[in-house]
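>>> coords please:
(chains A, B and C)
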Amino acid sequence: MASGIPRISSSSIPFYRDTRIIAVLVQIVFAIAVMAGCWVLYQNMIAGLARANLLPTFDFLNVPASFPIAESVIPYDPSMSYWQAFVVGLLNTARVALIGIVLATILGIILGIFRLSSNWLLSNVAMAYVEIIRNVPLLLQLIFWFYLTKMFPRVQESIAIGDAIFLHNRGVTLAWPEPTASFASWLWWLVGALLVAVAIYTVRQIQFRRRDRPGVAIPYAILGWMVIAGVGYVLTTVITGTAPAVLVFPELQRFNFIGGATVTASFAALVVGLVIYTAVYIGEIVRSGILAVSKGQREAARALGLTQGQTLRLVIFPQALRIMIPPMTSQYLNLTKNSSLAVAIAYPDLFYIANTINNQTGQAVPVIVMLMVSYLSASLFTSLLMNWYNRRIQLVER
Amino acid sequence: MRRSLMVPLAAALSLIIAACGGAPAAPTAAPEAPTTAPAPTAAPAAPAATTGRLEAITARGTVICGVNNNPLPGFASVDASGVYSGFDVDFCKAVAAALFDDPSKVEYRPLSSQDRFTALQTGEIDVLIRNSTWTLGRDGDVGLDWSPTTFYDGQGMMVRKDSGITSINDMDGATICVQTGTTTELNLADVFRAKGLTFQPVVFPDGDQTRSAYDAGQCDGFTTDKSGLVSSITLLSNPADHQILSDTMSKEPLGPSVLQGDPKWADAVNWITFATFQAEEYGITSANLAEFSASEVPEIRRFLGIEGELGKGVGLSNDFAARVIKHVGNYAEIYNRNLGPDTPFNLPRGLNALYTEGGLLYSPPFR
Amino acid sequence: MVTDGATARIPSPDIQRMVTWVRANLFSTWYNAVITIVLVYGLISALVGLAGWVAQAQGWPAAFTNMKLILAWTYPNDQIWRPQLAVLFVAALLGLSAGVWRGVVQLVAIGAALTAGILAVPAIGLPEFAGMVGLPSWLALATSVALLLLGIPIGRRAGGWLRWVLIIAWITAYPIVILIVRGGIGLPVVETKLWGGLMLTLLLAISGIVLSFPIGVALALGRRSRLPIIRIFCIAYIELIRGVPLVTVLYMGSLLLPLFLPGGESVDQFIRAMVAVTLFSAAYLAENVRGGLQALPAGQTEAARALGLNVVQTTFLITLPQALRAIVPLLVGQSIGLFKDTSLVVIVGLIDLLGAAQNVVGQPDWLGTPGGVWRETFLVIAALYWVFSFTMSRVSKRIEDSFAKSRH
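Numbering: from 1, shown residues only, chains lettered A, B, ... in the order given. Next up, the predicted model:
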């Protein structure tokens, strides 16, 4: 790169031996080389696409997509545009990533604690889990889980758990609350409850700080939210005469269950696979985070009379958290990126939909650009969020 | 912390790339996005003007034929020892028989639905005989030339017999398995929309996966070309439990295709295909070819290359039709060998009968 | 686990120790006791269930009769000796190098020998492939184990000349392996279309690591460069690649690469995947190398400069060698990751180990098997993947430990 930078030998240096000038020249040559390379590739590409009559354009985005999508967070039908289909994919990826991150974190923390358990058997079972999962490719695991869903009975012969849960080879159908006419009025109660919760949280935080005692404010806030929301639910029911939401039980029609919510087999396999795989890495982060908190801290906490649970919750974990946040961020990003493997098990995520759009339109370049920009923005967004959180907990310590 | 600075930079760069990459560079034609074109992963090779494809094949001594990579019993499948067989494969052999008097001079290239046309465009294969539908878009934008249709197909629907479904109209609310990257998923959506029915799609990128999901009962229906359904049914764990509905959702004329811009090669493939139709019309089979060779009927003598120079005009030997019949047989023989009553498929000829028998197969005169 | 019945007759101090151990590690508190009992019950029932299933499962023949497809896919049977030769060549090189350099290299060689040894045992039961020209699989594996282990004493005894022969051999090893497997110069060409299975997985992973190495090092140096344009370019490249999933890079490779070439020549699918894997791996490698460079004490550079070395000399003679040595465990880890990640090429249509297994599962021959053969087949290839990555991860761990020791 910076080749040919010579030693300074005399006070009057010829320009070709002046490091600064050479540095500038090297960079200019580099920039020209990169741009020329890109330009040649770009020209070749455009020439090739022109011959195939497929010059890149984003015009196709407004054309009706006309292909069906298996599941969607927002309403979608084939008469909607390619752009809307793309958004469906984006939201499907976001859904898997969010649910996956929450579950993987929970399982990962449990796993990390198990790994450190004083129970020899428990820590070794946890280690065996880690070693098995970590050394087998994720894609193979996902395909395995997806094949497993085929072992369940057909819809007509579902395994029923009460009237509320039905397991079959197309997924899981659950009883699900559906909003009724009075839901809108209850919504106001929910908003109010949220405000109250925030208030409780702030007040508790201030109290903790004033008394100089560590404590966790979130449970109080959640409790407050639940009480207000509950009272609101009852009052709305009494005043309007209808409950704001009713639990709809699924009913087996000719082909499928109607009513309730269905988690498709693809989605279930994807979430299970991603969570089991990512939890291993999160577990290792949790373990090393806890180990990194010095032994003195633990002993001091015990000496102060805190129980083992309190020590873990109030002393060890808050400190370990600071070490854990940066590697956690990259695991969350990995999970999001790994969700693109959904294409192998028919879950319509971002990559899957982009692939279909490209297949139908032949517009490879715009589709790839949209795909890359989406994943990069997701990475950027997650990094920013985690950096913000990281900075916040770093401050708490001082 | 350094990383957090870099990520926006990367995003900015990607936006720049996006801006350049997306700029339409041609002022002349802003093409409407073709809605059914497959992904052209490479540009078509410039038509070989100097030496034609036919000369190149003759010099090479083998013809390179693109076939289906997913096993499609009856049309193209490969056994454990690597021997290809099937309806499509027999047409590959017919081309080799006509050119080299030897049906084994074929090199098979298994191709996926996504790279089949690219392989033609880049000159990797000479002819594509891989149950590909002739459409305007593919003839135009994708730059292919289609030979006469060898199999008139249409999209169909397979269901379980015990489901009580007798037509697509019974399928409101059903879950349907379909493969992506094909015209099939578009037709499916169109047909259901036109009928005002709803359905729950389960879409796979791979034909095998689609079939296996249907087989496991993850879908109520499985849709693809009827020819594909017919061969899929033999790959289900319990073929007797399934039936193909009589509804046809689309027109799918399947036939050999070659790259546009080489009329001589296209003519050769066309007339090799027609020869199989014509042979059936005359009643010439591989078994009775010798008797016909002794025929005094001028039409037949010309057809078999005993007199006249018919083959020369399309760059083939004069007895090319006789070679095809000798090694591969006429259309009826090809059909019956792969799909007829003696095969597990037992597929009625339907539209794939001669025009004299109510079908659509019609060869222009050989003269 | 250790239970009373079998150990009752062991002399008393041992029992004493065992009892203390069990009490301390399994029954220290009441909830630990509960956990232990629940786990023992759970483990026993799981193992009994698994063993029962393994014994009665009917799908095992699927993987074993199709082992040729799983290992080498449609690579011609009469040419099988060539991939085998390539493996033996690398094994011999690694064995000799282990003797010459010892330390880390020896750990890698022993790890490789272990992997091959473990795989050789079940390979004894494999059926012969029809028309195969080459060694039976178990013999090929056993020979490579022998070469690996015999190489160590030979390498140790040989003179310094061997060192130079080996360096040259290693530099040319990658092209030689590709030449043996692909052909050319006298050998009949086996097109990459016919490659697949475990062979493709390994070749792709090795290509990715080998080819991404120079690019990754250049990117790492560029990222630390004082020249802003070069630095920004490297940062942009690294973060761009690290921000997107491997699938999208593979997808780009398979769609865009042919377009980038003039005249739209067709690019082999294997090459497309290889380029994508290389470009992807380079970005991650760059970050590892950068970590190694950053961890070096500044005194190293300063001392080198004080001795009168210029920037290039300092980098290539002082800092880079130290940084690379320090990140060997990370590189082994990255190789394992890449080995597993190559399974994604299935999505762009290549038939690797996973692809071959999926193909076997879909064969019509197994339609009659109740429940299908997917569990058995996927378990077999999961075990293959596992043996490779697990032994190499142990090697990486050992290297890390030996470094940690030498530092103190």
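>>> Now the element after the one helix or strand residue C:33 maps to, going C-ward?
Taking DSSP states H and E as the criterion, residue C:33 maps to helix C:30-56. As assigned by DSSP H and E, the chain's next helix or strand after helix C:30-56 is helix C:60-65.
>>> Now for the nearest residue to residue B:367 once chain neighbours are set aside: which residues touch it?
Distances taken as C-beta to C-beta, 6 or more residues apart in numbering or on different chains place residue B:302 nearest to residue B:367, at 6.3 Å, with adjacent residues excluded. Where C-beta positions appear, they are placed from N, C-alpha and C, glycine not excepted. Residue B:302 makes contact with B:308, B:310, B:366, B:367, according to C-beta atoms under 8 Å, 6 or more residues apart in numbering or on different chains.
>>> Tabulate the residues you listed in a markdown table, adding columns for pLDDT.
Formatted as a markdown table, the contacts of residue B:302 follow (pLDDT from 0 to 100):
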| residue | pLDDT |
| --- | --- |
| B:308 | 86 |
| B:310 | 87 |
| B:366 | 90 |
| B:367 | 82 |
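>>> where does chain B have low pLDDT?
B:1-51, B:80-81, B:114, B:141, B:181 (pLDDT under 70).
>>> show me where it has helices.
Ranges of helices in chain B, per DSSP state H, are B:2-21, B:53-60, B:87-100, B:116-121, B:136-140, B:183-195, B:207-215, B:226-233, B:263-282, B:289-293, B:298-303, B:320-327, B:331-338.
>>> ok, now the stretch 251-398 of chain A?
Using DSSP state H, counting those that start in this stretch, the helices of the stretch 251-398 of chain A run over A:265-292, A:295-303, A:308-310, A:317-338, A:350-361, A:364-397.
>>> So which of those helices is the most surrounded?
helix A:350-361 (a mean of 26; mean count of other C-beta atoms under 10 Å in any protein chain shown).
>>> Which neighbouring elements make contact with that helix?
helix A:82-115, helix A:364-397, helix C:246-260 (3 or more C-beta pairs under 8 Å, 6 or more residues apart in numbering or on different chains; DSSP states H and E).
>>> Those: lowest mean pLDDT?
Mean pLDDT is lowest for helix A:364-397 among the helices and strands packed on helix A:350-361, at a mean of 83.
>>> can you tell me if that helix touches chain B.
Yes - Helix A:364-397 lies within reach of chain B by C-beta under 8 Å from any C-beta of the partner chain, at A:364-366, A:369-370, A:372-373, A:376-377, A:379-380, A:383-384, A:387.
>>> what's the closest of those residues to residue B:208?
Set against residue B:208, the nearest of the residues of helix A:364-397 next to chain B by C-beta to C-beta is residue A:364 (25.0 Å).
>>> Dump stretch A:37-45 to PDB, keeping only the CA atoms.
C-alpha atoms of stretch A:37-45 as PDB (Å, rounded to 0.1, in the frame of the first residue of the first chain):
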ATOM      1  CA  GLY A  37     -12.200  -1.000 -12.200                       C
ATOM      2  CA  CYS A  38     -15.800  -0.300 -11.100                       C
ATOM      3  CA  TRP A  39     -16.400   1.600 -14.300                       C
ATOM      4  CA  VAL A  40     -15.300  -1.300 -16.500                       C
ATOM      5  CA  LEU A  41     -17.400  -3.800 -14.500                       C
ATOM      6  CA  TYR A  42     -20.300  -1.400 -14.600                       C
ATOM      7  CA  GLN A  43     -20.000  -0.900 -18.400                       C
ATOM      8  CA  ASN A  44     -19.800  -4.600 -19.000                       C
ATOM      9  CA  MET A  45     -22.800  -5.200 -16.900                       C
END
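>>> So for it, what gets flagged as buried?
A:41, A:42, A:44, A:45 (16 or more other C-beta atoms under 10 Å in any protein chain shown).
>>> and what of stretch C:284-291?
Quick answer for stretch C:284-291 (16+ other C-beta under 10 Å): C:284, C:285, C:286, C:287, C:288, C:289, C:290.
>>> what about the fourth one, helix or strand, and which?
Meaning residue C:287. Taking DSSP H and E as the definition, residue C:287 sits inside helix C:269-295.
>>> quick one: contacts of the very next helix or strand once past that helix?
Per DSSP H and E, helix C:269-295 leads on to helix C:298-306 as the next helix or strand towards the C-terminus. Here helix C:298-306 makes contact (C-beta under 8 Å, 6+ apart) with C:313, C:314, C:317, C:318, C:319, C:322.
>>> Try it again at 10 Å.
A:7, C:293, C:297, C:309-311, C:313-315, C:317-319, C:322-323 (C-beta atoms under 10 Å, 6 or more residues apart in numbering or on different chains).
>>> The following helix or strand past it and chain A, are they touching?
Of the helices and strands lying after helix C:298-306 in sequence (DSSP H and E), the nearest is helix C:311-313. Yes - part of helix C:311-313 sits near chain A under the criterion C-beta under 10 Å from any C-beta of the partner chain, namely C:311, C:312.
>>> Identify each buried residue in helix C:311-313, please.
Buried residues in helix C:311-313, counted by 16+ other C-beta under 10 Å: residue C:311.
>>> Let me know the average pLDDT across that helix.
Mean per-residue pLDDT for helix C:311-313: 86.
>>> by contact count, what packs against that helix?
In terms of contact count using 3 or more C-beta pairs under 10 Å, 6 or more residues apart in numbering or on different chains; DSSP states H and E, helix C:311-313 is assigned the packing partners helix C:298-306.
>>> related to what we said a few turns ago, residue A:301: which of the helices of chain B is closest?
Once those are compared by C-beta to C-beta, helix B:2-21 is nearest, at 32.9 Å.
>>> Residue A:177 in helix, strand or coil?
Three-state call for residue A:177 (DSSP: H, G, I helix; E, B strand; the rest coil): strand.
>>> Find the nearest non-adjacent residue to it, please.
Using C-beta to C-beta, 6+ apart, the nearest residue to residue A:177 is residue A:245, at 4.2 Å.
>>> Likewise for residue C:339?
Per C-beta to C-beta, 6+ apart, closest to residue C:339 is residue C:205, 4.3 Å.
>>> Identify each buried residue in the helix or strand harbouring that neighbour, please.
Secondary structure from DSSP H and E places residue C:205 in helix C:197-223. Burial within helix C:197-223, assessed by neighbour count using 16+ other C-beta under 10 Å, is assigned to C:197-213, C:215-223.
>>> Leaving out chain neighbours, which residue sits closest to residue C:259?
residue A:45 (4.3 Å).
>>> If you could redo that for residue B:210, that was the one I meant.
residue B:204 (4.3 Å).
>>> which ones are touching that neighbour?
Residue B:204 makes contact with A:70, A:266, A:343-346, B:177-181, B:210-214, according to C-beta under 10 Å, 6+ apart.
>>> Would you mind splitting the chain into its domains for me?
Using chain A. A:1-49, A:104-175+A:249-346 (automatic domain parsing).
>>> meant chain C actually
C:4-56, C:62-407.
>>> Save those domains as a markdown table, and put in distance to residue A:333 too.
Listed next are the domains of chain C as a markdown table, based on distance: least, C-beta to C-beta, whole Å:
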| stretch | distance to residue A:333 |
| --- | --- |
| domain C:4-56 | 34 |
| domain C:62-407 | 8 |
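>>> Return the member of those having the minimum mean pLDDT.
domain C:4-56 (a mean of 84).
>>> Run through who's touching stretch C:91-98.
Stretch C:91-98 has contacts (C-beta under 10 Å, 6+ apart) with C:104-113, C:116, C:140-141, C:143-156, C:158, C:162-163, C:165-167, C:169-170, C:173, C:176.
>>> one more time with 6 Å, if that's ok
Stretch C:91-98 is contacted from outside by C:105, C:106, C:109, C:144, C:147, C:148, C:151, C:152, C:155, C:166, C:169, using C-beta atoms under 6 Å, 6 or more residues apart in numbering or on different chains.
>>> Please pick the buried ones from these.
For the contacts of stretch C:91-98, buried by 16+ other C-beta under 10 Å: C:105, C:106, C:109, C:144, C:147, C:148, C:151, C:152, C:155, C:166, C:169.
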